[in-house]
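Trainee: dropping a prediction and its sequence here:
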Amino acid sequence: MNRQLIERLATSVVFTAVQVGAMAVILVRLHVSGVLAAATAFVMAGALMAVHDAWGDVRAARRGARGAVGSTESAESSGSAEGLAGMPSAAQEQDLVKS
């Protein structure tokens, strides 16, 4: 395991623990209804999405540490016009900047 992967893993573990603790406190101690309940639900959903994204970064770093070739690298090396998920390639970005 390389240093970047260890850092991402440690950060994700701490972040997840803090988020789970905060959600537990909110669920147990907060007694709201109506608009405040809906707002709380949106905030908690956002927190869950952030935790999911953090672990996605860990998985991506782990794949990178294993030496797997990413889809961006393979698209650029094959001369494809599009990179990851339809993002413009470096050449296309330069064309956009010039115009």
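Mentor: Received it, and whenever you're ready, just let me know what you need. Since the model is a prediction, treat every value here as computed from it, not as a measurement. Numbering: from 1, shown residues only.
Trainee: all contacts plus neighbour counts: C-alpha atoms, from now on.
Mentor: OK.
Trainee: on the three-state scheme, residue 16 is what?
Mentor: Here residue 16 is helix, with the state taken from DSSP: H, G, I helix; E, B strand; the rest coil.
Trainee: that one contacts residue 52, correct?
Mentor: No - contact criterion Cα atoms under 8 Å: residue 16 and residue 52 do not qualify, at 9.0 Å.
Trainee: more neighbours: those two, which one.
Mentor: Set residue 16 next to residue 52 and count neighbours by other Cα atoms under 10 Å: residue 16 wins out with 19 against 14.
Trainee: for the nearest residue to that one once chain neighbours are set aside, what are its contacts?
Mentor: Among residues not flanking residue 16 along the chain, residue 51 sits closest, at 6.0 Å (Cα to Cα, 6 or more residues apart in numbering). By Cα atoms under 8 Å, 6 or more residues apart in numbering, the contact list for residue 51 reads 12, 15-16, 19.
Trainee: show me the longest helix that occurs in this structure.
Mentor: Longest among the helix segments of the chain by residue count, using DSSP state H, is helix 35-65.
Trainee: tell me the buried residues in it?
Mentor: By neighbour count on 16 or more other Cα atoms under 10 Å, the buried set for helix 35-65 is 40, 44, 47-48, 50-51, 54-55, 57-58, 61-62.
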